[in-house]
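Visitor: Structural data only, the sequence is not supplied:
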DNA sequence: ACTTAAACGAGACGGTACGTCGCGTCTTAAA
DNA sequence: TTTAAGACGCGACGTACCGTCTCGTTTAAGT
């Protein structure tokens, strides 16, 4: 294993940029997020961003769905009802997180036109609770795709059309029940 | 009831602009849709657009979800399974329409930051199959909001993450079944 | 005589930009003159500049050699010695003006690579004292090109290599004498 | 007398860089000359350049006015007319050389803002025909500065405003005559 | 017929933000 | 210490598109 030639990248700048992006997303939203503002808050400049991410969307999607986040734990109790409820809650936790909430609408717009971003985001989510859920459901003998589509889709729509604050325990219960009955044999 | 003074607006221009917008949305997508291009294709000028719509998003949302569209008919058979299936199909038909498909991601982004647009789009959809579905379900003694959220959300997610071509009869069957069991007493 | 269609250009912005350019040229020099700084000082933005001038050089050359300047008067006494001296002085006045002095080195660099600018600058100078001098000399029966080349070239070199402050009366006398003898029959 | 510690500098790289610079100056001009391109053509890297020259201008000025050039010979016949003509020709040869011609406008711009470069270029020219000319004229009992200023200035202006191709024998004759009469007692 | 008032074509406007280029520097491992 | 390699931080660039404005002209309805 050799070292790459050339000056190594400064990891502190990566962090500063991601942090600045997350903060600004919450403060001003995706549409009003400018690369100049990100660079300035991170104490660096625009080219440093573009050296690391190919677009605003790629930067935002990494800030909104960090891979190193303390993994949303979905306990494996063996009881489908309990586990499914945990999955729904995890799904809400991921999408309703303030940074994600601010970024998602913009990301949706961009990744419709950018296959690169599409792939990146799908991969990133597959490593999160959605991937966990898929495994768990498959082990329970349930074809997972339809359920995940319904779970994530319902969450997304609720988020987009009413804002994340309504996604409380009652909403989670209601949605879990619908899904649970929907997938019953 | 009096007539507005001054030169009346030319209705042919309204149409030409909406048509040009729809065409361009399909051809280049929302992000690369420019007002100059719309005006040029419609054979008019930008001020003529802004006299009619307050922004690109307002124009696009009207082009994507025309109110005068031949209404997607949802037959009222009285059989919940049959009717629900028709609702799902209508939902797919609306969102998977080429123009809507091109416009939706961009609209999602914009209306996250523009309450005006949010209201306009919600109203427009409520007049369409979603409104019909709500009435129908309510009459069947079912609380409609959760079902609609699940139905539209699942459709939206499928559309965004896989493109509309996979939303065939099998998908409609699968989704209808899940919802039907989910809302059973 | 018809009016051009479209919104007319705001002449006050033209002026503000030229004034800002002249000021900044003196303050920071051509190399450190940035379009952003010009725009900011003029209270406008970069695109407003590029709508009016095709490059920094075109802007600077207009700021450095304004056509509407109170014309450098070259009295026509009929005495060649007197008149030539006045021409040399006028030449110095034009090139040693603080704004011109700051702009000239940069302009030289740019117009070597930009025929557009070359033509523009030649035309602009031909309307100034150089044009007057050419006419005057021709009337005196002297082939003007060689003299003008020598006069302007000597002035330019002196300016570039020693700064304009040394171009005092003694320098003007010395140069006038050299030229006068040089063109004697 | 000791040797510098560490790895000695590779003289072949010096040459390759100067050659690459000269070639590229002629091909693309000073403004479009990039350090990356120079390094690439010379088969080395940018840091190797900056170890040798402090800036693009310093590199270009050395490439344009090489000290080791076969010295432009100015024969010393003792006849002022003959010698002055040779000086003018030498001046043209130096400045109209393709590489110098490409570099001069850019260098003028840079050394207006860089005293280091100013000094370097003046020193380099003083070692060339201008230095020779000064000595020769002084020996002939003529105050040399004014003549040199006129000679070099006229050449420079002609070069800048008409391109070097017009500086033929006729031009040299004409200019020599003007100077000769101009400095006559 | 004349006035009023708004829509029209045309196109430039002011301005935000973009993504890129090239400078000169720095870090690394090998020579 | 120089080399090759290449990324770095940074300042500045010129452009694209937004939504607005200013014209002079056209079109109808009201007087």
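Guide: Structure's in. What do you need? Note that the structure is a prediction, hence the values are computed from the model and not measured.

Visitor: Could you check the strand or helix carrying residue A:20 against DNA strand E for contacts?
Guide: Using DSSP states H and E, residue A:20 sits in helix A:11-28. No - shown here: helix A:11-28 not in contact with DNA strand E (CB under 7 Å from any atom of the strand), separated by at least 8.5 Å. C-beta: built from backbone N, CA, C; applies to glycine.

Visitor: Run the contact check for that helix versus DNA strand F.
Guide: Yes - on the criterion CB under 7 Å from any atom of the strand, helix A:11-28 is in touch with DNA strand F at residue A:13.

Visitor: Whichever helix or strand comes after that helix versus helix A:11-28: what angle between them?
Guide: Following helix A:11-28 in sequence order, the next helix or strand is helix A:35-42 (DSSP H and E). Angle, helix A:35-42 to helix A:11-28, by axes from the mean of the first three to the mean of the last three CA atoms, to 10 degrees: 120 degrees.

Visitor: Wondering if helix A:35-42 reaches DNA strand F at all.
Guide: No - for helix A:35-42 and DNA strand F, the contact criterion (CB under 7 Å from any atom of the strand) is not met; the two come no nearer than 7.7 Å.

Visitor: nearest residue to the most centrally placed residue in chain A other than its sequence neighbours?
Guide: Nearest to the mean C-alpha position of chain A, by CA atoms, centre = their mean, lies residue A:65 at 3.9 Å. Spatial nearest neighbour of residue A:65, chain neighbours left out: residue A:124 (5.1 Å); criterion: CB to CB, 6 or more residues apart in numbering or on different chains.

Visitor: picking that back up, distance of the residue nearest to the centre of chain A from residue A:172?
Guide: Going from residue A:65 to residue A:172 by CB to CB, to the nearest Å gives 20 Å.

Visitor: now do residue A:9
Guide: Separation of residue A:9 from residue A:172 (CB to CB) stands at 41 Å.

Visitor: ok, the two, which is more surrounded?
Guide: Neighbours were counted for residue A:9 and for residue A:172 using other CB atoms under 10 Å in any protein chain shown; residue A:172 has more, 17 against 12.

Visitor: does that one belong to a helix or a strand, and which?
Guide: Element membership for residue A:172, per DSSP H and E: helix A:169-183.

Visitor: That helix close to chain B?
Guide: Yes - Helix A:169-183 lies within reach of chain B by CB under 8 Å from any CB of the partner chain, at A:174-175, A:177-183.

Visitor: got it, and stretch A:21-41?
Guide: Yes - using CB under 8 Å from any CB, stretch A:21-41 reaches chain B at A:29-32.

Visitor: would you list the residues of helix A:169-183 next to chain B in a markdown table and tack on neighbour count?
Guide: Rendered in a markdown table, the data for the residues of helix A:169-183 next to chain B read as follows (neighbours: other CB atoms under 10 Å in any protein chain shown):
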| residue | neighbour count |
| --- | --- |
| A:174 | 17 |
| A:175 | 27 |
| A:177 | 17 |
| A:178 | 23 |
| A:179 | 24 |
| A:180 | 17 |
| A:181 | 16 |
| A:182 | 20 |
| A:183 | 21 |
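
Visitor: For my notes, please list those in TSV and give distance to DNA strand E for each entry.
Guide: Below are these laid out as TSV (distance: CB to the nearest atom of the strand, whole Å):
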residue	distance to DNA strand E
A:174	39
A:175	35
A:177	42
A:178	39
A:179	38
A:180	43
A:181	45
A:182	41
A:183	42
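
Visitor: My guess is residue A:91 contacts residue A:151. True?
Guide: Yes - counting by CB atoms under 8 Å, residue A:91 does reach residue A:151; the two are 5.7 Å apart.

Visitor: Can you pick out the residue with more neighbours from these two?
Guide: More crowded of residue A:91 and residue A:151, by other CB under 10 Å: residue A:151, with 29 against 25.

Visitor: picking up where we left off before, mutual contacts of residue A:91 and residue A:151, please.
Guide: residue A:133 (CB atoms under 8 Å, 6 or more residues apart in numbering or on different chains).

Visitor: Pull the contacting residues for residue A:124.
Guide: Contacts for residue A:124 (CB under 8 Å, 6+ apart) come out as A:61-62, A:65, A:67.

Visitor: 10 Å instead?
Guide: Residues near residue A:124 by CB atoms under 10 Å, 6 or more residues apart in numbering or on different chains: A:61-62, A:64-67, A:130-131.

Visitor: Likewise for residue A:133?
Guide: Contacts of residue A:133 by CB under 10 Å, 6+ apart are A:74, A:83-84, A:86-88, A:90-91, A:144, A:147-148, A:151-152.

Visitor: Put together TSV for those, with pLDDT on each row.
Guide: Below are the contacts of residue A:133 laid out as TSV (pLDDT from 0 to 100):
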residue	pLDDT
A:74	74
A:83	91
A:84	92
A:86	92
A:87	92
A:88	93
A:90	91
A:91	91
A:144	89
A:147	92
A:148	93
A:151	95
A:152	95
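
Visitor: Looking at those, which one is closest to DNA strand F?
Guide: Closest to DNA strand F out of the contacts of residue A:133 is residue A:152 (30.5 Å), distances taken as CB to the nearest atom of the strand.

Visitor: confidence score at the closest residue to chain C within chain A?
Guide: Relative to chain C, the nearest point of chain A is residue A:36 (12.1 Å; CB to the nearest CB). Looking at residue A:36, its pLDDT stands at 95.

Visitor: Kindly report the same for residue A:68.
Guide: With respect to pLDDT, residue A:68 scores 66.

Visitor: Then residue A:8?
Guide: Confidence at residue A:8, expressed as pLDDT, is 86.

Visitor: do residue A:146 as well
Guide: For residue A:146, the pLDDT comes out at 89.

Visitor: what about it, how many residues close to it?
Guide: A count of nearby residues for residue A:146, using other CB under 10 Å, gives 20.

Visitor: Measure how buried residue A:139 is and give me the count.
Guide: Look at residue A:139: counted by other CB under 10 Å, it has 11 neighbours.

Visitor: Run through the residues that contact it.
Guide: By CB under 10 Å, 6+ apart, the contact set of residue A:139 is A:76, A:78.

Visitor: isn't residue A:151 right next to residue A:157, touching?
Guide: No - Residue A:151 is beyond contact range of residue A:157, at 11.3 Å (criterion: CB atoms under 10 Å).

Visitor: okay, and the common contacts of those two?
Guide: B:150, B:153-154, B:157.

Visitor: quick one: which of the residues you listed sit in helices?
Guide: Cross-referencing those against helices under DSSP state H gives B:150, B:153-154, B:157.

Visitor: Done for today, thanks.
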